[in-house]
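Undergrad: Fold the following for me, if possible:
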Amino acid sequence: MPKIQPVTSTPPARRAAVLNARRNLKMARSAHAFVRGNTLQFYEWLAGCTFTIPQGPTVWICGDCHVSNIGPVADKEGGVDIQIRDLDQAVLGNPAHDIIRLAVSLATAARGSDLPGVITARMVEELMAGYELALGNGRKDARIVARPASMKLVMKAALKRRWKHLARERIDGVQPDIPEGRRYWPVTAAERDDLAAIAATPGMRHLVLQLLHRDDDAQLELVDAKYWVKGCSSLGRLRYALLMRVHGKERGEEFCLVDVKEAVTAAAPHSDDAMPDDDAERVRQAAVHLAPNLGKRMMTGRVKDRPVFVRELRPQDLKIDLERLDEKDAMDVARYLGNVVGRAHAGQLDRAQRKAWLGELTRNRPATLDAPSWLWRSVVALMQAHEGGYLEHCRRFANRELS
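TA: Residues are numbered from 1 along each chain as shown. Reported below is the predicted structural model:
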């Protein structure tokens, strides 16, 4: 597989072409990368599904619930918990869609780890077991699944991280600027003006100063702003990194990095009854319900007259990568992540709703699999569709780099 070539600083006029090529190559790296970057194909398949998928209670769902969109997220008091960490596609919709998306992501990770098919089947069973425990059999309190060894390692790494680690990864140093290069490109004068306006709002002041260790009367200053080349499915959208200086009388000077990301229309089918028309506000409200640690650290704004959501990046915010899984860890991780997603859904339901949804999930279990037949059929069909789509994607895009 060809490596993605280093991208030097790119002027605004050439962003779209360079980012599109970069996205295509990134999705060609592996079948798992293709699944992560292709939310649209997932919902196109759902729209044409020939068997019945249950309609659960309408709740905020992630909408793009794959493994890498779950991980440690810091709260404003300094605590850390594993929650859903990417809400770009979040909508008021059917929780069954999150279950299917996560199951396919786990199955793809299992394939990438050369695990036998029987382990994939058991992973789907464990995912459902963890999810159903989160519903608590209709009781008020959900049952929390213990973190497996691999998740404990992720949490341990998150808790050790400080600003210097974030600075080293994101801005190649701790100096007060963001160097242009592979990851950061220049912004236009108009973009800089819009970003400076966001940085000067009371909302930004609250966002940055809400952390307990910062002085309430600290002074804020926008030091630098760059276009941020990051992600896969988000490549091509507006994305910026802001370096802010925080100067307090008691704490002195420190820096923080703020993420500004365009909110676009979600691909997931949804209910329009109570969902905000503004996509940035949609993402913020979804975060409040699905990932409180993140939702309380988020605000909205506009850049180039497009909606954006804004959050301070914390060193403890990490994604989960499942590059290699052994058989036991695969099943433990599936059970745990199913429980994380289940708790995010269950927290929006009352006792009667949880009980009814649990009853729907426990129906139609085949004799040979302790998971709903609709879920297993979905996983099999989507694995076949994505495998074919991935190979065709590689033929179209990665093959050009080899020739």
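Undergrad: got a list of contacts for the helix or strand encompassing residue 282?
TA: Assigned by DSSP states H and E, residue 282 belongs to helix 279-290. Residues outside helix 279-290 that contact it (Cβ atoms under 8 Å, 6 or more residues apart in numbering) are 59-62, 83-84, 87-88, 90-91, 263-266, 275-276, 294-296, 298-302, 307-309, 344, 347-348. Backbone N, C-alpha and C define where each C-beta goes, glycine included.
Undergrad: Narrow the residues you listed to those in helices?
TA: Among the contacts of helix 279-290, DSSP state H puts 294-295, 344 in helices.
Undergrad: how about the strands of the stretch 151-300 of the chain, start to end?
TA: 184-185, 219-228, 239-248, 252-262, 298-303 (DSSP state E, counting those that start in this stretch).
Undergrad: what sits against the most centrally placed residue in the chain?
TA: Most central in the chain under Cα atoms, centre = their mean is residue 86, positioned 2.5 Å from the mean C-alpha point. Taking Cβ under 8 Å, 6+ apart, we find residue 86 in contact with 62, 64, 68-69.
Undergrad: 10 Å - rerun?
TA: Listed by Cβ atoms under 10 Å, 6 or more residues apart in numbering, the contact set of residue 86 reads 62-66, 68-71, 231, 233-234, 261, 283, 287, 291, 294, 319.
Undergrad: how close does it get to residue 348?
TA: Distance, residue 86 to residue 348, using Cβ to Cβ, to the nearest Å: 18 Å.
Undergrad: hmm, back to that, of the contacts of residue 86, buried ones?
TA: 62-66, 68-71, 231, 233-234, 261, 283, 287, 291, 294 (16 or more other Cβ atoms under 10 Å).
Undergrad: sorry, back to before: specify which member of the ones in helices among the contacts of helix 279-290 is nearest to residue 243.
TA: Nearest to residue 243 out of the ones in helices among the contacts of helix 279-290 is residue 294 (Cβ to Cβ; 20.6 Å).
Undergrad: Hmm, the closest one is touching residue 80, no?
TA: No. Between residue 294 and residue 80 there is no contact under Cβ atoms under 10 Å: 11.5 Å.
Undergrad: what touches both of the two?
TA: 73-74, 314, 317.
Undergrad: need those residues in a markdown table with neighbour count, can you?
TA: What follows is the shared contacts of residue 294 and residue 80, written out as a markdown table (neighbours: other Cβ atoms under 10 Å):
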| residue | neighbour count |
| --- | --- |
| 73 | 24 |
| 74 | 23 |
| 314 | 24 |
| 317 | 21 |
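Undergrad: Can you add distance to residue 144 and give these back as CSV?
TA: Output for the shared contacts of residue 294 and residue 80, formatted as CSV (distance: Cβ to Cβ, whole Å):
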residue, distance to residue 144
73, 16
74, 19
314, 23
317, 21
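Undergrad: Most widely separated two among the residues you listed?
TA: Pairwise distances across the shared contacts of residue 294 and residue 80 peak at 8.0 Å for 73 and 314 (criterion: Cβ to Cβ).
Undergrad: shared neighbours of these two, anything?
TA: 80, 158, 293-294, 297.
Undergrad: which among the residues you listed gets closest to residue 180?
TA: Distances from residue 180 to the shared contacts of residue 73 and residue 314, taken by Cβ to Cβ, are shortest for residue 297, at 27.3 Å.
Undergrad: which residues touch that closest one?
TA: 73-76, 207-208, 210-211, 287, 291, 310-314, 317.
Undergrad: which pair in the residues you listed spans the largest distance?
TA: The span of those, defined through Cβ to Cβ, is set by 208 and 291 at 19.3 Å.
Undergrad: May I have the distance across stretch 313-327, first residue to last?
TA: 34 Å (Cα to Cα, to the nearest Å).
Undergrad: Not counting residues beside it along the chain, what's closest to residue 161?
TA: residue 315 (3.8 Å; Cβ to Cβ, 6 or more residues apart in numbering).
Undergrad: Next: residue 313.
TA: residue 257 (4.7 Å).
Undergrad: quick check, nearest of the shared contacts of residue 73 and residue 314 to residue 245?
TA: residue 297 (18.8 Å).
Undergrad: how near is the closest one to residue 259?
TA: 10 Å.
Undergrad: what's the answer for residue 86, then?
TA: 11 Å.
Undergrad: try residue 43
TA: Taking Cβ to Cβ, one finds residue 43 at 25 Å from residue 259.
Undergrad: Report back the residue of this protein that's furthest from centre.
TA: Outermost in the chain, Cα atoms, centre = their mean: residue 249 at 36.4 Å.
Undergrad: The nearest residue to residue 229 once chain neighbours are set aside: neighbouring residues, count only.
TA: Leaving aside its sequence neighbours, residue 229 sits nearest to residue 183 (Cβ to Cβ, 6+ apart; 5.3 Å). Close neighbours of residue 183, defined as other Cβ atoms under 10 Å, add up to 20.
Undergrad: right, and residue 183 touches residue 241 too?
TA: Yes. The pair residue 183 / residue 241 is scored as a contact, 8.6 Å apart, by Cβ under 10 Å.
Undergrad: As JSON lines, the shared contacts of residue 294 and residue 80 with secondary structure, distance to residue 106 and pLDDT would be great.
TA: Below are the shared contacts of residue 294 and residue 80 laid out as JSON lines (DSSP: H, G, I helix; E, B strand; the rest coil; distance: Cβ to Cβ, whole Å; pLDDT from 0 to 100):
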{"residue": "73", "secondary structure": "strand", "distance to residue 106": "20", "pLDDT": "94"}
{"residue": "74", "secondary structure": "strand", "distance to residue 106": "25", "pLDDT": "92"}
{"residue": "314", "secondary structure": "coil", "distance to residue 106": "27", "pLDDT": "90"}
{"residue": "317", "secondary structure": "coil", "distance to residue 106": "22", "pLDDT": "89"}
